[in-house]
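K.L.:
Could you look at this predicted model? Sequence included:
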Amino acid sequence: MHFKFNRSNQIHQTVKSGGFLFLLFFLSSVSAFAQSSKVTEEMPRDERGKYIHYEIVEKNIPADSLKERALGFLTLKKLKSIQPAKEEIRATGKFIVTKTALMLGHPSGELLYNFTFEVKEGKYRFWLTDFLFIPYKRDRYGNFVASTPKGTPLENNPGKLNAGEWASYIDAADKQSNVLAAEFKDYLAAVQKIKTSNPKKKVISTKSW
Amino acid sequence: MKLKSLFTFSALTMSAATYAQETTTSSTPLQISGSVDTYYKYDFSKRANIGTSFAEDQNSVSLGMIDLALKKTTGKASFVGELSFGPRGQYGSVPNGNGEAANADNSFHIQNLYTSYAFTDKFSMTAGYMGTFIGYEVIAPTGNFNYSTSYLFTNGPFQNAGIKANYVFSPKVALMVGLFDDWNVYKDVNGVSHFGAQLTVSPVEGWTAYLNMLSGRSAGAPGTGSIYDLTTAYQVTEKVKIGLNAADYSVSNDNGGYSGAALYLQNAFTPGFSLGLRGEYFKTKDIPDSDGSSVTSVTVSGNFKAGGLTFIPEVRFDNGNTTRFVKNNLDPTKSASQFSLAAVYAF
């Protein structure tokens, strides 16, 4: 589409004409996006209003064994800033949020969280909270990297336009917390196998049969 | 050429040796991502006037590009292949297709095509065609806050083919050194002619600075061109970000060059709306028979985000020390201004 000007005041009309299409497109996109978005807050919150995954587990296992196993699990899962104390362990971790469809996709961000473990004789409790979301962006080399070092608390209001995306991050925090919690409980419940440095490999003989 | 062959052979040999030692390999799913962008621009002189890359068409709803990127990692090896189609990625970028002018309007453009191998958590090597390590802005619109581009971006390299080694000394310091072809070419006809390096420092959380250099003699060039570049960004708070790009490019034997600096200030007023200001000073260097000229540019851009869509309204004012622009009646003038609206979708 090409416009010609006969009068200088037609400039504004032209800008309106060209820009109008864009504005119309944008506003209708935003409207549709906002209508299709609804925040589903299924993840529980604590007394501070923070999203939390919280569990108390009763297990007939000595407290020091539980603590030792918890420490092993957190190390195995590569959580950071692991701080063991007398009856508790604190650590920080992160979940990668990935958009996937038909085995294709890419990471869209990461969720940072604080992990706390407390133990008493015969029972323990643990929780994941203080979730911060950091969106990823594609860098100049085609790799997905954190777009900012400062995470946004998951409790923040994302606004209408981004509510749908934000709800998916809360959902991801909930699901990945559940998975990690299940693995954690399994790990603490099971007797850990002692790893030998040179396990004997089974050799199959094809000479005698 | 021998140097390049030796370097490549060494890299491949080392890769093979290390790969052989691997007892386990982990594979990530194929990553697919990309972007689509389109824009409307109106220059108040009624003609394309400001020398910005890509968003050039006057009073037209025009296309940027569709950008498609693939990435796959298997164990310690990975590849990235990124192709773009459309004006921004074709005749807006260099080179076009096979580099022939006749094919300029009918081609695709390679943004990235490289393989990489991480020998350890700290040391990796990469070979292929890569987005340049020089400068603040990039070709893909998803990587920039402003839609129009800076003079420093337009005049600097877009991409570099070559082989590079990267070593991470600590979370705060990393070094890249590499051998590269001429700027923006898929192949080098005068051998691997450039040496480049990048020192990355992250003094405090949120602040990263890149000290870059690239030097070499391009095919047919009258001298050796050397560019020194500082690119840095500091996320001051969750909402405020400051960026700076300063560069100096010289071609030896008084064959010109340029220097300049661009300051970027951005504030996120809400999760869905940010406003950014870019102020730039750019100067071409004197050559024996011609004085260089300078231009100052101020760009104000908004970023409205709705899911993967970013809408960028933008106004830009440029003012030169010479009559480098034109008025409505084609009379030369020192200043120019434009307004643009862009829609960028990232997936």
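P.N.:
That came through fine. Residues are numbered from 1 along each chain as shown, chains lettered A, B, ... in the order given.
K.L.:
Sketch out the strands for the stretch 151-300 of chain B, chain order is fine.
P.N.:
Along the stretch 151-300 of chain B, counting by DSSP state E, counting those that start in this stretch, strands occupy B:159-170, B:173-183, B:194-201, B:207-216, B:225-235, B:240-251, B:257-270, B:273-284, B:294-306.
K.L.:
Just tell me which of those ends up closest to A:Gly164.
P.N.:
Among those, the nearest to A:Gly164 by C-beta to C-beta is strand B:294-306 (9.3 Å). In short, each C-beta sits where N, CA and C put it, glycine included.
K.L.:
Pairing partners for the very next helix or strand once past the closest one, with directions?
P.N.:
Of the helices and strands lying after strand B:294-306 in sequence (DSSP states H and E), the nearest is strand B:309-320. Strand B:309-320 sits in its sheet next to strand B:294-306 (antiparallel), strand B:335-346 (antiparallel), going by DSSP bridges.
K.L.:
angle of strand B:309-320 against strand B:273-284?
P.N.:
Strand B:309-320 runs at 30 degrees relative to strand B:273-284, counting by axes from the mean of the first three to the mean of the last three C-alpha atoms, to 10 degrees.
K.L.:
List the buried residues of strand B:309-320.
P.N.:
Buried residues in strand B:309-320, counting neighbours by 16 or more other C-beta atoms under 10 Å in any protein chain shown, are found at B:309-314, B:316, B:318-320.
K.L.:
now swap in stretch A:86-100 and tell me
P.N.:
In stretch A:86-100, counting by 16+ other C-beta under 10 Å, buried: A:88-95, A:97-99.
K.L.:
helices or strands up against the strand or helix carrying A:Tyr169?
P.N.:
Here A:Tyr169 sits within helix A:163-189, counting by DSSP H and E. Counting contacts by 3 or more C-beta pairs under 8 Å, 6 or more residues apart in numbering or on different chains; DSSP states H and E, helix A:163-189 is packed against helix A:10-36, strand A:52-58, helix A:63-76, strand A:88-101, strand A:104-120, strand A:123-138.
K.L.:
try 6 Å
P.N.:
strand A:52-58, helix A:63-76, strand A:123-138 (3 or more C-beta pairs under 6 Å, 6 or more residues apart in numbering or on different chains; DSSP states H and E).
K.L.:
State the pLDDT value of whichever residue of chain A sits closest to chain B.
P.N.:
When you check chain A against chain B by C-beta to the nearest C-beta, the closest residue turns out to be A:Arg140, at 3.5 Å. pLDDT for A:Arg140: 94.
K.L.:
what kind of secondary structure is it in?
P.N.:
coil (DSSP: H, G, I helix; E, B strand; the rest coil).
K.L.:
Repeat that for A:Ile204.
P.N.:
Here A:Ile204 is recorded as coil under three-state DSSP.
K.L.:
Okay, now the unreliable bits of the chain?
P.N.:
The chain I'm using is chain A. Within chain A, the stretches with pLDDT under 70 are A:1-41, A:100-104, A:191-199.
K.L.:
To clarify, I was referring to chain B.
P.N.:
Residues of chain B meeting the criterion pLDDT under 70: B:1-26, B:89-107.
K.L.:
List, one by one, the residues from it near chain A.
P.N.:
Contact residues, chain B versus chain A (C-beta under 6 Å from any C-beta of the partner chain): B:29-33, B:40, B:42, B:59, B:61, B:69, B:71, B:80, B:82, B:112, B:130-131, B:138, B:205-206, B:235, B:238, B:270-272, B:306-307, B:309, B:311, B:341.
K.L.:
Can you tell me which of those are buried?
P.N.:
Looking at the residues of chain B next to chain A with 16+ other C-beta under 10 Å, the buried ones turn out to be B:31-33, B:40, B:42, B:59, B:61, B:69, B:71, B:80, B:82, B:112, B:130-131, B:138, B:206, B:235, B:238, B:271-272, B:306-307, B:309, B:311, B:341.
K.L.:
Name the nearest residue to the closest residue to chain A within the stretch 1-150 of chain B, sequence neighbours excluded.
P.N.:
Closest approach between the stretch 1-150 of chain B and chain A, counting by C-beta to the nearest C-beta: B:Gly131, at 3.5 Å. Nearest non-adjacent residue to B:Gly131, counting by C-beta to C-beta, 6 or more residues apart in numbering or on different chains: A:Arg140, 3.5 Å away.
K.L.:
Tell me the buried residues in stretch B:60-67?
P.N.:
Neighbour-count burial for stretch B:60-67, counted by 16+ other C-beta under 10 Å, picks out B:60-67.
K.L.:
What of stretch A:174-184?
P.N.:
Neighbour-count burial for stretch A:174-184 flags A:174, A:176-177, A:180-181, A:184 (criterion: 16+ other C-beta under 10 Å).
K.L.:
if we can go back for a sec, need the strands paired with strand B:309-320 in JSON lines (columns: distance to B:Phe119).
P.N.:
Putting those into JSON lines (distance: least, C-beta to C-beta, whole Å) gives the following:
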{"stretch": "strand B:294-306", "distance to B:Phe119": "39"}
{"stretch": "strand B:335-346", "distance to B:Phe119": "32"}
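K.L.:
tell me, how many neighbours does B:Phe180 end up with?
P.N.:
Neighbour count for B:Phe180, taken as other C-beta atoms under 10 Å in any protein chain shown: 26.
K.L.:
Pull the distance from stretch B:142-150 to the chain's centre.
P.N.:
10 Å (C-alpha atoms, centre = their mean, to the nearest Å).
K.L.:
Grab the CA positions of that stretch and hand them over as CSV.
P.N.:
Only the C-alpha atoms of stretch B:142-150 are listed here, as CSV (Å, rounded to 0.1, in the frame of the first residue of the first chain):
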residue,chain,number,x,y,z
THR,B,142,14.3,-10.8,19.8
GLY,B,143,17.8,-10.0,21.0
ASN,B,144,17.4,-6.2,20.9
PHE,B,145,15.2,-3.9,23.0
ASN,B,146,15.0,-1.2,20.3
TYR,B,147,13.7,-2.2,16.8
SER,B,148,15.9,0.1,14.8
THR,B,149,19.6,-0.6,15.1
SER,B,150,22.5,1.5,16.3
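K.L.:
Report the spatially nearest residue to B:Asp121, omitting neighbours in sequence.
P.N.:
B:Val168 (7.5 Å).
K.L.:
Just confirm that neighbour contacts B:Ala174, I think it does.
P.N.:
Yes - between B:Val168 and B:Ala174 there is a contact under C-beta atoms under 6 Å: 4.5 Å.
K.L.:
any idea which of the buried residues of stretch B:60-67 is closest to A:Ala70?
P.N.:
Using C-beta to C-beta, the buried residues of stretch B:60-67 come closest to A:Ala70 at B:Asp67, 45.3 Å.
K.L.:
contacting residues around the closest one?
P.N.:
Residues near B:Asp67 by C-beta atoms under 6 Å, 6 or more residues apart in numbering or on different chains: B:34-35, B:84, B:140.
K.L.:
how about the residues you listed in JSON lines, adding secondary structure?
P.N.:
Shown next, in JSON lines, are the contacts of B:Asp67 (three-state DSSP):
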{"residue": "B:Gly34", "secondary structure": "strand"}
{"residue": "B:Ser35", "secondary structure": "strand"}
{"residue": "B:Ser84", "secondary structure": "strand"}
{"residue": "B:Ala140", "secondary structure": "coil"}
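K.L.:
with these in mind, which one is nearest to A:Glu155?
P.N.:
Among the contacts of B:Asp67, and counting by C-beta to C-beta, the member closest to A:Glu155 is B:Ser35, at 29.9 Å.
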